[in-house]
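Visitor: Sequence and predicted structure are below.
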Amino acid sequence: MKTLSAQEIFEKLKGKFGDGVVSLQTESVNPPFAVVPPGSIQEVCRFLKEDPDLLFDYLVCISGVDHKDKFAVAYHVYSTEHRHRIGVKAMLPHDNPVIPTVDVVWKAAIYLERETYDLMGIVFEGSCDPNRILLPDDWEGHPLRKDYIYPEQYHGIKI
Amino acid sequence: MTEPISKEALRTDEWTINMGPHHPSTHGVLRLELTTDGEIVSKARPSLGYLHRGLEKIGERVAWAQFMPFTDRLDYLAGMNCNCAYAWAVEKLAGIEIPERAEWIRVLVCELNRISSHLVAWGSFCADMGAFTPLLYGIREREWVNDLFEMVCGQRLTYNYARIGGVSHDLPPGFLEKTKEFCDYFEPLIDEYNRLITYNKILVHRLKNIGVISARDAIEWGLSGPNLRGSGFAYDIRRAEPYSVYPKLDFNVVVGHADRGTLGDCFDRYLVRIDEMRESVKIVRQVIDRIPDGPVMAKVPRVFKPPAGECYFRAESPRGETGFYLISDGGTNAYRLKIRTGSYMAMNIFEKISKGVMISDIVALIGSFDIILPETDR
Amino acid sequence: MEPVAATVYPNYDSVGRAILEAFPIIDFLPVWLVALVIMVVVAACAIVFILVFEGVGSLVLRKLAGDIQSRVGPNRVGPYGCIQFLADGVKLILKEDLKPAACDRVLFRLAPYLAFVGSCAGLVVIPFAVGMIAADLDIGIYYVMAVSSLVSIGILLGGWASNNKWSLVGAMRGAAQIVSFEIPVAMSIIPVILVAGSLSTQEIVRSQGGLFGIFNWNLFHNPFLFFSFFVYLTAAQAETCQTPFDLPECESELVQGFMTEYSGIRFGYFFLGEFGELFVVCALATAGYLGGWHIPFLDAGNLGWFWGNLLSLGVFLTKTFTLVLVSMWLRWTLPRTRVDQLMRMCWKYLVPLTFFNLLGVSLWLLIFDGKGIPAMIAALFG
């Protein structure tokens, strides 16, 4: 077991991907986020999981955040072996939030991504189960978006 | 002689059965679409969301402190754990130090609530297995804990006890003695439960080798809490990423050890919960002995505005990891409040391990995961 | 002229004769009328008995559940809740009789009656007392086995006609279970028939009378019979779908299984049938193994028809209700088995065991010339 700090983990990422990882966000953020471009999220995650010094085998959480002009997808990962943690963040454009899925890396992502899609409307490309989960399949809109307009009725039932 | 029956005539169909959303063994409004071949389930697809109340959206609309009562509704069997997890998360985000006594009180009520939650989990699991009596015993002991909580905060189910910066009330006089009394009363009962039902041959045969999850799979699928420890992997956030005063306390992380069948089967998950109650009693006893005096509330401004920032806090609740991902933009409300719960992740693996089991085992699986639907649906 | 009552019920001497002496006019009525009246009266008695048994039984069941589960149980209607069952009965009758829109109407209505009739028809050959038996058929045991199969038809029909998949699963389980467990039940009652040399239940009970009190019971006749009593109880528990083998109902999985769609009095009939069946199997166990109505060290036949019948009825019911209580006690204690485990238990363990046991009993009877252990011990001491 060798616990690495977020800075060291970021250095390793930087060493592997070079400009593929953008920056490390540490200011008033706990745990710190490595910000990566959406396109390389799969490779980064696979590296995080498989590199013997990192071994991030436990995907804790995937959260979508609506920053009004853009979306962020935050992945919190943890290593049960080395007991260190880091966040990975990808920024998506607001008009077309699409990001490759990571359920090929961690199975835990299936439900977390479904939820993020359902409530935030972020599309996970290549997901093995790209359906809504909490809301009905025919629900319109994604409630956790900041510009969500509350519906008046659902199938003729007043809400 | 009659003609041999052609394969075509003997063709059997699978059928789809709807289990839930109102079904006694789905522990709430869970719906499962079962595809079965007679009694053998070939696929069980969970359909969640019947209890979705949009708690995360509500969290963005109400002030930080106002969200506290909503956390009770996350996991109504372990309201204290959710209360405290949220409070800890906000304090971590805002960098608030809370008084020592408040930390101890929180740990005390969390562990008491863990006992009561596991009691219900145990009882309803046994009821799912057809033994109705243990449920009543579990409820009977839970009443003790409810009485204690009523002393402490006036509520028996939705406590709303933790506050950002401490807890709402100090412990009432006589509370610690009563708690000690409960520990003395309760600890021998765990052995009685084991004699009563745990090693009952029928129960063991119903549970062993059913729903086996290897430790690797459990981690891969994001299980946490007793479900992960049932697979033999000693991972407890109270130890792995200690928070509050847990580092000062002496307790063991209970893991499954293939007591009767394969490692990681339903019986292991069942036993983990039973043994965890013992450990919780141990913690409660230590807290009673060592709880310091002092204030229970830090100075927190009435209009609470944490600095802009992000924070992910995880706490070990009875159903696994309860995580709060909080984003503050410096305002009175959360900018984003994401809740990660143990039951939700347990439903993730459900479809995988329910292949090829029987309808009765589906019930055993749901019971062994100890899911609670307000937590999955939020 | 042969007395009419005796023609109708040749084995019913004591009660029949007493009635005949009290109302000599009976001798002048046509035979068919007397037979009809007797049938109706006896049937009414049986129905009333089973209703009362069901009512009191359900109350005892709930009180017992309360005791075991450290709570009070019903305590609102009457002192100690003792007329709760009347309230339950009124509720069952008054509740709306719902039928699913897409059910098979005829079969749906028919099924509860079949289940009820199947379980209660067994009462005909139950030897309640020395002179109290509805009909002492020569094929008594065989008859019980035959009519109790009607229950499985009732369950199957009920599940099928409900047009509900869960009900159908329950019905299939029920049918499979009842049909399977008929075999061990029958095979474990046959040793008794071998010992008594008769299929008539009254004859079986009579064969257990004698000087040694309870050691005349078939239970203590020889080790094989002792064993077979417990096999019978186990298999009967399964055949009547009691916990831990209540798979057809199985409230935590199938939500009452074949009964899901039934409400009101139709549900009540299933419920009654269940209790009736429980009583019949326990009564058979009493008659077959526990000496039936025999009062230990007392010959019920010599006590006069009133006291003889009354006392022996009391003895019989005491023994039977004890067995019923054991069954209820099990019900609140044990978890439920799974359907494949149940079938495995039946076909891989109980069926071979009962066959082996039957062989053992036959050999015993052959070798020791029909004598049981108590009889042999008695012979030792002269």
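Guide: Good, I have the coordinates.

Visitor: out of everything not next to it in sequence, what's closest to the residue of chain A found nearest chain B?
Guide: When distances are taken as CB to the nearest CB, chain A approaches chain B most closely through A:Ala108, which lies 2.8 Å from it. C-beta: built from backbone N, CA, C; applies to glycine. With sequence-adjacent residues excluded and distances taken as CB to CB, 6 or more residues apart in numbering or on different chains, A:Ala108 is closest to B:Gly222, at 2.8 Å.

Visitor: what number of residues lie near the closest residue to A:Ala6 other than its chain neighbours?
Guide: Taking CB to CB, 6+ apart as the measure, A:Ala6 lies nearest to A:Pro32, with 4.0 Å between them; neighbours along the chain are not counted. Taking other CB atoms under 10 Å in any protein chain shown as the criterion, the count of residues near A:Pro32 is 20.

Visitor: same deal with A:Cys61?
Guide: Neighbourhood size, A:Cys61 [other CB under 10 Å]: 24.

Visitor: Using PDB, write out every CA atom in stretch C:77-95.
Guide: Presented in PDB, the C-alpha positions along stretch C:77-95 are these (Å, rounded to 0.1, in the frame of the first residue of the first chain):
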ATOM      1  CA  VAL C  77     -63.500  -8.200  20.600                       C
ATOM      2  CA  GLY C  78     -64.800  -9.800  23.800                       C
ATOM      3  CA  PRO C  79     -62.800 -10.500  26.900                       C
ATOM      4  CA  TYR C  80     -59.200 -11.500  25.900                       C
ATOM      5  CA  GLY C  81     -60.400 -11.200  22.300                       C
ATOM      6  CA  CYS C  82     -62.100 -14.500  22.600                       C
ATOM      7  CA  ILE C  83     -64.900 -13.800  20.100                       C
ATOM      8  CA  GLN C  84     -62.500 -12.200  17.600                       C
ATOM      9  CA  PHE C  85     -63.300 -15.100  15.200                       C
ATOM     10  CA  LEU C  86     -66.900 -14.200  15.100                       C
ATOM     11  CA  ALA C  87     -66.000 -10.700  14.000                       C
ATOM     12  CA  ASP C  88     -63.600 -12.200  11.400                       C
ATOM     13  CA  GLY C  89     -66.300 -14.400  10.100                       C
ATOM     14  CA  VAL C  90     -68.800 -11.600   9.800                       C
ATOM     15  CA  LYS C  91     -66.200  -9.500   8.100                       C
ATOM     16  CA  LEU C  92     -65.400 -12.300   5.600                       C
ATOM     17  CA  ILE C  93     -69.100 -12.700   4.800                       C
ATOM     18  CA  LEU C  94     -69.800  -9.000   4.400                       C
ATOM     19  CA  LYS C  95     -66.800  -8.200   2.300                       C
END
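
Visitor: sorry, back to before: so the residue nearest to A:Ala6 sits right up against A:Leu13, yeah?
Guide: No - between A:Pro32 and A:Leu13 no contact is recorded; they are 11.6 Å apart, counting by CB atoms under 8 Å.

Visitor: Could you tell me which residues make contact with the residue in the stretch 1-150 of chain B positioned nearest to chain C?
Guide: Using CB to the nearest CB, the point where the stretch 1-150 of chain B gets nearest to chain C is B:Gly130, with a distance of 2.6 Å. For B:Gly130, the contact set (CB atoms under 8 Å, 6 or more residues apart in numbering or on different chains) comprises C:243-244, C:246, C:250, C:252, C:334-336.

Visitor: What is the three-state secondary structure of it?
Guide: Counting by DSSP: H, G, I helix; E, B strand; the rest coil, the backbone at B:Gly130 sits in coil.

Visitor: just checking, C:Asp27 touches C:Ile19?
Guide: No - with contact taken as CB under 8 Å, C:Asp27 and C:Ile19 are classed as non-touching, separated by 11.1 Å.

Visitor: now the helices for the chain?
Guide: As the question left the chain open, I've gone with chain A. For chain A, helices defined by DSSP state H occupy the ranges A:6-17, A:41-50, A:109-120.

Visitor: hm, I was asking about chain B
Guide: Residue ranges of the helices in chain B, as given by DSSP H, are B:55-61, B:68-72, B:79-94, B:100-128, B:133-153, B:175-193, B:201-207, B:215-220, B:226-229, B:237-240, B:266-290, B:342-353, B:359-369, B:373-377.

Visitor: Give me the below-cutoff pLDDT ranges for the stretch 151-300 of chain B.
Guide: Along the stretch 151-300 of chain B, no part satisfies pLDDT under 70.

Visitor: Can you pull the residues of it lying near chain C?
Guide: Residues of the stretch 151-300 of chain B that fall close to chain C, judged by CB under 8 Å from any CB of the partner chain: B:197, B:200, B:202-203, B:205-206.

Visitor: By neighbours, which of those residues wins?
Guide: With neighbours set by other CB under 10 Å, the maximum within these is found at B:Leu203, which has 27 neighbours.

Visitor: Give me the neighbour count for the nearest residue to it once chain neighbours are set aside.
Guide: Take B:Leu203 and drop its neighbours on the chain: the residue closest to it by CB to CB, 6+ apart is C:Pro335, 4.7 Å away. The tally of other residues near C:Pro335 (other CB under 10 Å) stands at 25.

Visitor: Determine the three-state secondary structure at C:Pro335.
Guide: The three-state assignment at C:Pro335 reads coil, by three-state DSSP.

Visitor: tell me the contacts of it?
Guide: C:Pro335 touches B:126, B:129-131, B:197, B:200, B:202-203, B:206, C:244, counting by CB under 8 Å, 6+ apart.

Visitor: Roughly how far does the residue of chain C found nearest chain A sit from B:Asp72?
Guide: Of all residues in chain C, the one sitting closest to chain A is C:Ala101 (22.0 Å; CB to the nearest CB). Summarising the geometry, the distance separating C:Ala101 from B:Asp72, computed by CB to CB, to the nearest Å, is 41 Å.

Visitor: These two: who's more crowded?
Guide: In terms of neighbours (other CB under 10 Å), B:Asp72 is the more surrounded of C:Ala101 and B:Asp72; the figures are 22 against 6.

Visitor: Help me confirm that that one comes into contact with B:Gly79.
Guide: Yes - counting by CB under 8 Å, B:Gly79 is a contact partner of B:Asp72 at 4.1 Å.

Visitor: what's the overlap in contacts for those two?
Guide: Looking at what touches both B:Asp72 and B:Gly79 (by CB under 8 Å, 6+ apart), the common residues are B:157-160.

Visitor: For those residues, pick the one with the most neighbours.
Guide: Within the shared contacts of B:Asp72 and B:Gly79, B:Tyr159 tops the neighbour count with 27 neighbours, counted by other CB under 10 Å.

Visitor: need the strands for chain A, in chain order.
Guide: Per DSSP state E, chain A has strands spanning A:23-25, A:29-30, A:33-36, A:58-66, A:70-78, A:85-93, A:98-100, A:123-125, A:153-154, A:157-158. These are given in chain order.

Visitor: mind checking which of the ones you listed is nearest B:Pro173?
Guide: Between B:Pro173 and the strands of chain A, the shortest gap by CB to CB is with strand A:29-30, which sits at 38.4 Å.
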